[in-house]
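> I would like to see how this sequence folds:
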Amino acid sequence: MGKGATRHLFLSPHLDDAPFSCAGLIRKLTSGGDDVITSTFITADAIGALTPLARRFHGVWNRGDRPYAIRRQEDRQAANFLRARCRHEGFPDAIYRTDDNGQPIYSDIPQLFAGLKLADQKHVEAAKARLGQIIAEERPDIVYAPIGIGRHADHLMVVAAAKDVCLGRQTLRLYEEFPYLLGEFPAEHPITVERGLELSGWQQSVPEFIDVELAARIEAALLYPSQISEIFGNDAGLVEAMRRHAERYEARSGRERLWTPGYPAPFEGGFDA
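Down below sits the predicted model:
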């Protein structure tokens, strides 16, 4: 990091979330000489027998028994393209997590997007502790956290950690998760950015638009082929969604929106019984 450069820490639930959502900003920051770190929480391989939900996702991903090994490599390639550093924090995906009796915490897709379960609290507390360690190690000037638009359990875990560790202590910005911000994902229960802010307790947050290069956003996203078919159908579907995003924000090229959170508010993401 050059003299006088700013250090930026992007908190990413999954291995594509921060790059899908903020690649334009990340590339803009690193091109200007700043230091950028992406810290992804959900990066671990499955241990033991797969839950039924995990078997379903492994089949869709079609990347063998260790899909996260492939996803970690995709993330390293994207970080290299963005000129950023990437960290993999080693937490298991919600589709792998089980309770103290060995039963799946999240049994189906609707549950995955319906808030954090009480049985997941130990993982949330571990994420808070880990984020404290990350802050101490990296000493960022600015931390970027997801809003939690899609209500995915893994996103809400990172939201809870960011509120507990960063809010009121770090300069914090919130990013809109792509493609959830389009109001079309997940198909079972899409919500708006504004509703996501409300549900996550980010009331009175102030928006700011950042002009970025759409080409950089697209090129970075294409480096995650394991996720494209499930989310967008194919590469053309990804590009079309990226362009619709730019058009929504009336951008000639690309535009990303950040939010500065206001006062602390109750977190409404869970826990559910």
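> Please give me every residue in contact with the closest residue to Met242 other than its chain neighbours.
Excluding its sequence neighbours, the residue lying closest to Met242 (Cβ to Cβ, 6 or more residues apart in numbering) is Ile218, at 5.3 Å. To be clear about C-beta, it is placed using only N, CA and C from the backbone, and glycine gets the same treatment. Contact analysis of Ile218 by Cβ atoms under 8 Å, 6 or more residues apart in numbering lists 238-239, 242.
> ditto for Cys166
Taking Cβ under 8 Å, 6+ apart, one finds 131, 135, 143, 145, 172 in contact with Cys166.
> Pick out the one among these with the largest number of neighbours.
Ala145 (30 neighbours; other Cβ atoms under 10 Å).
> Angles on the backbone of it, please.
For Ala145, the backbone dihedrals (degrees, to the nearest 10) come out as phi -120, psi 150.
> Show the pLDDT at it.
Predicted confidence (pLDDT) for Ala145: 98.
> pretty sure it is touching Val158, no?
Yes - at 6.5 Å, Ala145 and Val158 qualify as touching, with contact defined as Cβ atoms under 8 Å.
> Now do the shared contacts for the two.
By Cβ under 8 Å, 6+ apart, the residues touching both Ala145 and Val158 are Leu11.
> which stretches of this protein form helices?
Taking DSSP state H, the helices of the chain run over residues 17-31, 52-61, 67-82, 109-112, 121-138, 153-165, 193-199, 214-221, 225-232, 235-248.
> just for the stretch 51-200 of the chain, where's the confidence low?
The stretch 51-200 of the chain contains no residues with pLDDT under 70.
> do that again at 90, thanks
By pLDDT under 90, the weakly predicted segments of the stretch 51-200 of the chain are 60, 185-189.
> Tell me who's in contact with Ala251.
Neighbours of Ala251 in contact, by Cβ under 8 Å, 6+ apart: 211, 214.
> Verify the contact between Gly150 and Tyr180 for me.
Yes - look at Gly150 against Tyr180 with Cβ under 8 Å: they come within range, at 3.8 Å.
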